[in-house]
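In: Could you look at this predicted model? Sequence included:
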Amino acid sequence: VQLVESGGGLVQPGGSLRLSCAASGAILDYYAVGWFRQAPGKEREGVSCISNSGGTRNYADSVKGRFAISRDNAKKVVYLQMNSLRPEDTAVYYCGVGAWCSSSWSSADFGAWGQGTQVTVSS
């Protein structure tokens, strides 16, 4: 499976962005999908994941109540709606696929990373 992230950009604090993770080369229904981010000088951290059916969704504590993950398997796209953005959300955002979205999910459970999309939150 090949993944392509899009939707990043420059936004002011308090603003919103919607990221997309588009899949090709495989049926996305088979996979859980995770969103991760990496800021300069920091390790990649999990943001959110969603199970293959969409029935399970997990979020990092830092984004709960502000971000929402969803998927459209017919279109083979997973979205990350990001609201109330903060400067500390600035990072390159990546999506990856995995077998499941568990409560202890981490980047080790996902692969086939896309190239990433830059999100910058700044006034």
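Out: It's in.

In: Can you get me a residue count around M82?
Out: Counted with other Cβ atoms under 10 Å, the neighbours of M82 add up to 26. The C-beta positions use only the backbone N, C-alpha and C, and glycine is treated the same way.

In: Test my guess that it contacts V119.
Out: Yes - contact between M82 and V119 holds when scored by Cβ atoms under 8 Å: they sit 7.4 Å apart.

In: excluding its backbone neighbours, what's nearest G9?
Out: Using Cβ to Cβ, 6 or more residues apart in numbering and skipping residues adjacent in sequence, the residue nearest G9 is L17, 6.3 Å away.

In: Over to Y31?
Out: V97 (3.9 Å).

In: and what of I69?
Out: S48 (4.3 Å).

In: Touching the helix or strand harbouring that neighbour from outside, list them.
Out: Assigned by DSSP states H and E, S48 belongs to strand 45-50. The contact list for strand 45-50 (Cβ atoms under 8 Å, 6 or more residues apart in numbering) reads 32-38, 56-60, 63, 67, 69-71, 78, 80, 93, 98, 101, 105-107, 110.

In: okay, now K76: neighbour count?
Out: K76: 18 neighbours (other Cβ under 10 Å).

In: ok, back up a step: mind checking how far the residue nearest to I69 is from V33?
Out: 9 Å (Cβ to Cβ, to the nearest Å).

In: quick one: which of these two has more around it?
Out: V33 (28 against 25).

In: What's the separation between the nearest residue to the more buried one once chain neighbours are set aside and G14?
Out: Counting by Cβ to Cβ, 6+ apart, V33 lies nearest to V78, which is 4.4 Å off, once chain neighbours are set aside. Using Cβ to Cβ, V78 is found at 24 Å from G14.

In: do C49 as well
Out: Distance from C49 to G14, by Cβ to Cβ: 25 Å.

In: The two: which is more packed in?
Out: The residue with more neighbours, out of C49 and G14, is C49; 28 against 11, by other Cβ under 10 Å.

In: bridging residues for that one?
Out: C49 has these beta-bridge partners by DSSP bridges: G34, N58.

In: Look up the pLDDT of it for me, please.
Out: Looking at C49, its pLDDT reads 97.
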